[in-house]
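Engineer: here's a sequence, model it:
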Amino acid sequence: MTTAPLSPAAQAFDAVAGSFERRYGGWLSVAAQRRAVRSALRSAFPPGARVLELGGGTGEDALWLARHGRSVLTTDASPAMVRLARERLRSAPNARAEVAAAEEIGGVAPAWADAEEPFDGAFSNFAALNCVPELEPVARGLAGLLRPGARALLVLFGPLPPGEVVVQIARGTPREGLRRLARGEAPARLGGREFRIRYHRPGEVERAMVPWFRPVRRLGIGVFVPPSAAEPWISRHPALLRALEALDRVASRPLALLGDHVLYDFRRTADPAPREAR
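Structural biologist: As a prediction, this is how the structure comes out:
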């Protein structure tokens, strides 16, 4: 377990851990976007794969992967989230949860995983990496933990999704609809705690992963399925949401950068892992 002081973002998620799933867990828009991500995870990581998760929160995706035959080490910077994940994963002997910030993963994960048996893949869902100001430390850490050819699927906020703009205009908060245009770090608030996030641009994400990873594809997550800002209204219209989800299955690749989130699919190259990550 990491002994570094908790970041402001980790403190914020610590503060809401107990109520997080009650607030977001029943929202149908979130479930629809999660299904799209899981379809990509199922394709990228075959049964028997050893998978590392960054920013796994309460372990919902880790449990799903474990129940579908993958072995999972899920990590999160929030100790309270990890406690909930451990409770959830008690029924899954092929999954475990540990406290670790994504940007520190290269230094701490070797203590939990046999360095001679690198992971077969890694992923991060629902913009956990937008809480990380610089992605290069994440890339360096993953490079030392994944075998050549392994896939890394990173789901971050999209650069400017039309759905977010439309929803925020409808709510009378148009400035919120344009917040993802912010350069550098931007303010965020959760559970009464303030922290900073960064809306990483697509080019920044891909440059940070070089030379240890090469991009395979981008997928839009929530191109037509609206963002959580549309809740609870959209959950009261499940037939409409199903239709929008069907459109997403067609549009996710050609319109990837219009997604509420963007899934960046990378493959580990044969470049030697950086010494710091070993």
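Engineer: scan the helices and strands of this structure for the one with the lowest mean pLDDT.
Structural biologist: Here the helix or strand of the chain ranked lowest by mean pLDDT, DSSP states H and E is helix 105-108, holding a mean of 86.
Engineer: by contact count, what packs against whichever helix or strand comes after it?
Structural biologist: Sequence-wise, the next helix or strand downstream of helix 105-108 (DSSP states H and E) is strand 119-124. Under the contact criterion of 3 or more Cβ pairs under 8 Å, 6 or more residues apart in numbering; DSSP states H and E, the helices and strands touching strand 119-124 comprise helix 28-44, strand 50-54, strand 146-157. C-beta coordinates here come from the backbone N, C-alpha and C atoms, glycine included.
Engineer: switch to 7 Å and redo it
Structural biologist: Contact partners of strand 119-124 among helices and strands, from 3 or more Cβ pairs under 7 Å, 6 or more residues apart in numbering; DSSP states H and E: strand 50-54, strand 146-157.
Engineer: state the pLDDT value of the residue most central in space within the chain.
Structural biologist: Most central in the chain under Cα atoms, centre = their mean is Asn125, positioned 2.0 Å from the mean C-alpha point. In the predicted model, Asn125 carries a pLDDT score of 98.
Engineer: for this protein, just list every one of the strands.
Structural biologist: For the chain, the strands defined by DSSP state E occupy 50-54, 71-76, 95-99, 119-124, 146-157, 185-190, 193-198, 213-221, 261-268.
Engineer: about what we covered before: which strands and helices lie in contact with the least confident helix or strand of the chain?
Structural biologist: Counting contacts by 3+ Cβ pairs under 7 Å, 6+ apart, helix 105-108 is packed against helix 136-143.
Engineer: next, the buried residues of the helix it packs on.
Structural biologist: With burial defined by 16 or more other Cβ atoms under 10 Å, the residues of helix 136-143 counted as buried are Pro137, Val138, Ala139, Arg140, Gly141, Leu142, Ala143.
Engineer: quick one: which of these is nearest Ala31?
Structural biologist: Set against Ala31, the nearest of the buried residues of helix 136-143 by Cβ to Cβ is Val138 (26.7 Å).
Engineer: residue contacts, Pro137?
Structural biologist: Counting by Cβ atoms under 7 Å, 6 or more residues apart in numbering, Pro137 touches Glu103.
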